[in-house]
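Novice: curious how this folds, go ahead:
(one chain, ligands or ions: 1)
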Amino acid sequence: MIGLFVIAFIILFVFIFYEDIKGFIYAKIYLHKLPEPPARFFVGNISSFLDTPENIFKILRKWGTDYYPIYHTWVAHMSAVNIVNPYDFEIIMSNMKHNTKGYFYHMFHNWLGTGLLTSEGNKWQERRKILTPAFHFNILKEFIKVFEAETKNLVDVLMKESHKPYVAITDLISDFTLDTIGETAMGTNFKEEDIKVSGRDYKKAIHEIGKLYVYRLSRPWLLYNLLYVFVPQYFKEKKLVKTLHTFTTNVISNRQKNFRTTKTESEVDFSYSKRKRLAMLDLLLTAKKQEGCIDDDGIREEVDTFMFEGHDTTSVAISYALMLIACHRDIQDRIYEEIQQVVTDSSQLDYQTLQELKYMEMCIKEVLRMYPSVPFIARILGEDIKTHSGHILKTGSLVQLHIYDVHYNPDIYPNPKTFDPDRFLPENSQNRHNFAYVPFSAGPRNCIGQKFAILEIKTVLCGILSAFILEPVDTPETVELITDVVLRSKDNIKVKFVPRKTVY
Ligand code: HEM
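Specialist: A predicted model of the protein is given here:
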C-alpha cells in the first residue's frame, strides 16, 4: 500500500514538475560546461542572492568581469545563462524567435497582466501593431507641451526647496514623470480634484509594489506561485494591486466618458491603414469600439504597463542625469550655452528645437550608458544558438542579458567610470559594435517609448538648467546602486539647486 502511495506520489511529482526536471537535467549536462561562480551542493549560488540588494548588485558586477563573456548561475533546479558581451546580445536581441521574456517577468502578471512588456507570440505582435501609432512623431510633438507644463511645476517645487543645502530629488522626479505619463498617454491630470486623492494612493502603491518585486526577485523560489501564497508579501501585493487597478479602471472610464462627449463619430474614424493619430488610451478605446481587437481587460493591461514602464525608467534616468551634470561644471556650462543658443523663444519648446540640442543628446546618451534604467533583461531561447565563444545553448534556456556590464566594458568604453559625453561624437562611436550600447534594448522587442523618453528628458533638462546652477552633493562614488527592476540607488539622490538669478 505504502509502495503504491510512493509510486503515485513520484508520478504526480514528475507530472507537476516535468519542465523543471527537464531543465535540471539539461543544466547538469550542458550549462555546467560554462564558467560558474563558486556554488554549493544543490543550493548553488543561493547565498549570493540572499544578500542585500546592494551586495547582489556588486557581486553581479564582479561575476560579469571575472567570467566574461558568458557564465552560468543556478539555484537548485533553476538555471540562468548570463551574457555580458555585445556579440551574443546581437544573436539574441535581433532574432524574433527569442522574443519570449524570462520567468521573472511572470511576477508582474498580477498587476500588468500580459500587456506589451510581458506578453508573447501573436498577442504581443497584435498589441505592438495597435500601440505603435501612439508614439508617432505627430503625437510626440503634441506631448512636448505637456512635458513643458510639468517641467514648470517641477521647477517651482525645486525653487521653493532651493534655499536648503540640498534637495533629495528621487521622489520629486518620480512624481514629475508619473504626472507626465498620466497626462500624455492617459489624457489624465493627476492633480485634478476628483482624482487627486486616489492618484496619490496610486503613486504610493507603485513605489511599494516595486519594493515587493525586489524582495521576490532576490528569492527565486518565490517566483513559484505555489510557494508565494504562503508569505505575507503575497497578501500585501494583492492589496496594492487592488489599489492600482481601481485607479486605472477609473482613469479608463473617465476617459471613455470624456472621449464620447468630446469626439464625434467622424473624428474618431479610425483604422490602422489610415494611421489616424490618437494618444495611447484614446487609441485603445477606439480600437475596442471600431475593431473589437481589444477588450476592457486588455486596455487596462496596457494602461498599467505604460504607467509603469513610462514613469520609473525616465525618473531614474533624469535623477542620474542631474547628479552627473552637477558633478561636471564644465559639461553643465556647455549644455547651458547650447540651450541659450538653440532655445531662442524660451516660452515655447518644440520638436525641432529639441532635435537641435545635439550636445545635450550626447550627455543623455552617456548618462544612459553609465546608468541604464533597465540594467538587465531576460529571454527564453526559442531555438538552439551557438554563442560567439562557441557554446551551444538549447531551446528553452533562460538567458539574462546584462546591459549594465556591457556598458562598463573597458575594451569598448575606456575608463568606463568617467562621464564623457564625447564618446558619442560620430567619429568616436562609428567603430563601436551596434549592440554595445543598448539602454533601450534592440531588435523587434526594443523600447516602444524611447523617443518619448528622450524628448521628456531634454525638456526637463532645458527647464531645470535654465533656472538653476546645479552643484554636486552626491557623486557616483557616494551613490550605492541596488539590484531592482530598474536601476535604483539605495538612498535618495541629493543635488544642490542654486537659482541662476541670484548667481548673476
Ligand atoms: C530612459 C527611459 C527608458 C529606458 C532606459 C527604457 C528601456 C527599456 C528596455 C531596456 C526595454 C526592454 C525590456 C525587456 O526586454 O524586458 C523596454 C521596453 C519597453 N518600454 Fe521602455 N524604457 C524607457 C522609457 C519608456 C517609456 C517612456 C515608455 C512608455 C511611454 C516605455 C515603454 C516600454 C514598453 C511598453 C516596453 C515593452 C516593449 C515590448 O516588449 O514590445 N519605456 N524599455
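Novice: list the contacts for the one residue in the stretch 351-500 of the chain that gets nearest to the ligand?
Specialist: Closest to the ligand within the stretch 351-500 of the chain is Gly449: 2.2 Å, counting by C-beta to the nearest ligand atom. For the C-beta atoms, the positions are set from N, CA and C on the backbone; glycine is no exception. Counting by C-beta atoms under 8 Å, 6 or more residues apart in numbering, Gly449 makes contact with Phe135, Phe306, Glu309, Gly310, Thr313.
Novice: same thing with Pro421?
Specialist: Ile331, Tyr359, Met362, Cys363, Lys365, Glu366.
Novice: buried sites along the host helix or strand of Ile318?
Specialist: Ile318 is part of helix 296-327 when elements are defined by DSSP states H and E. Neighbour counts using 16 or more other C-beta atoms under 10 Å place 298-327 of helix 296-327 among the buried residues.
Novice: and the ligand, which of those contact it?
Specialist: Among those, proximity to the ligand is found for Thr305, Phe306, Glu309, Gly310, Thr313, Thr314, Ala317 (C-beta under 6 Å from any ligand atom).
Novice: for the stretch 401-504 of the chain, which residues are neighbours of the ligand?
Specialist: Residues of the stretch 401-504 of the chain lying near the ligand (C-beta under 6 Å from any ligand atom): Pro439, Phe440, Ser441, Arg445, Cys447, Ile448, Gly449, Phe452, Ala453.
Novice: what is the burial count for the closest residue to Val157 other than its chain neighbours?
Specialist: Excluding its sequence neighbours, the residue lying closest to Val157 (C-beta to C-beta, 6 or more residues apart in numbering) is Leu172, at 6.1 Å. For Leu172, the neighbour count with other C-beta atoms under 10 Å is 17.
Novice: please apply the same query to Arg255.
Specialist: Neighbour tally, Arg255, other C-beta under 10 Å: 20.
Novice: check contacts around it.
Specialist: Contact partners of Arg255, counting by C-beta under 8 Å, 6+ apart, are Met186, Gly187, Thr188, Leu281, Asp282, Leu285.
Novice: tell me which two in those are the farthest apart.
Specialist: Across the contacts of Arg255, the longest distance by C-beta to C-beta is 12.8 Å; it joins Thr188 and Leu285.
Novice: quick one: low-confidence parts of the stretch 101-250 of the chain?
Specialist: 193-197 (pLDDT under 70).
Novice: which parts of it sit against the ligand?
Specialist: Applying C-beta under 6 Å from any ligand atom, we find that the stretch 101-250 of the chain lies next to the ligand at Lys101, Leu116, Leu117, Arg128, Ile181, Ala185.
Novice: can I get the CA coordinates of stretch 292-308 in CSV?
Specialist: The C-alpha trace of stretch 292-308 is given here as CSV (Å, rounded to 0.1, in the frame of the first residue of the first chain):
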residue,chain,number,x,y,z
GLY,A,292,-13.1,44.9,-31.4
CYS,A,293,-9.4,43.8,-31.3
ILE,A,294,-9.0,44.6,-27.6
ASP,A,295,-11.4,44.4,-24.6
ASP,A,296,-11.6,46.3,-21.3
ASP,A,297,-9.2,44.0,-19.5
GLY,A,298,-6.7,44.4,-22.4
ILE,A,299,-7.0,48.1,-22.2
ARG,A,300,-6.3,48.0,-18.5
GLU,A,301,-3.2,45.8,-19.1
GLU,A,302,-1.7,48.3,-21.4
VAL,A,303,-2.6,51.3,-19.2
ASP,A,304,-0.9,49.6,-16.3
THR,A,305,2.1,48.6,-18.4
PHE,A,306,2.7,52.1,-19.8
MET,A,307,2.1,53.8,-16.4
PHE,A,308,4.9,51.5,-15.0
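Novice: ok, residues contacting it?
Specialist: Contact with stretch 292-308 is made by 111-118, 126-127, 130-131, 178, 181-182, 185-186, 206, 244-245, 248-249, 251-252, 280-281, 284-285, 287-288, 449, as judged by C-beta under 8 Å, 6+ apart.
Novice: can you flag the buried ones in these?
Specialist: Here, 16+ other C-beta under 10 Å leaves 111-118, 127, 130-131, 178, 181-182, 185-186, 206, 244-245, 248, 251-252, 280-281, 284-285, 287-288, 449 buried among the contacts of stretch 292-308.
Novice: of these, which belong to helices?
Specialist: With DSSP state H as the criterion, helices contain 111-112, 127, 130-131, 178, 181-182, 206, 244-245, 248, 251-252, 280-281, 284-285 from among the buried ones among the contacts of stretch 292-308.
Novice: now do the end-to-end distance for stretch 80-95.
Specialist: With C-alpha to C-alpha, to the nearest Å applied, stretch 80-95 spans 19 Å between its terminal residues.
Novice: roughly how far out does it sit from the chain middle?
Specialist: How far stretch 80-95 lies from its chain's middle: 18 Å, per C-alpha atoms, centre = their mean, to the nearest Å.
Novice: check stretch 310-323 too.
Specialist: Distance, stretch centre to chain centre, for stretch 310-323: 10 Å (C-alpha atoms, centre = their mean).
Novice: in PDB, list the C-alpha atoms belonging to that stretch.
Specialist: Only the C-alpha atoms of stretch 310-323 are listed here, as PDB (Å, rounded to 0.1, in the frame of the first residue of the first chain):
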ATOM      1  CA  GLY A 310       6.700  55.100 -18.800                       C
ATOM      2  CA  HIS A 311       7.500  56.600 -15.400                       C
ATOM      3  CA  ASP A 312      10.000  54.600 -13.400                       C
ATOM      4  CA  THR A 313      12.600  54.300 -16.200                       C
ATOM      5  CA  THR A 314      12.600  58.000 -17.100                       C
ATOM      6  CA  SER A 315      12.500  59.000 -13.500                       C
ATOM      7  CA  VAL A 316      15.800  57.200 -12.600                       C
ATOM      8  CA  ALA A 317      17.400  58.500 -15.800                       C
ATOM      9  CA  ILE A 318      16.600  62.100 -15.000                       C
ATOM     10  CA  SER A 319      17.900  61.700 -11.400                       C
ATOM     11  CA  TYR A 320      21.200  60.400 -12.500                       C
ATOM     12  CA  ALA A 321      21.500  63.000 -15.300                       C
ATOM     13  CA  LEU A 322      21.100  65.800 -12.700                       C
ATOM     14  CA  MET A 323      23.600  64.200 -10.400                       C
END
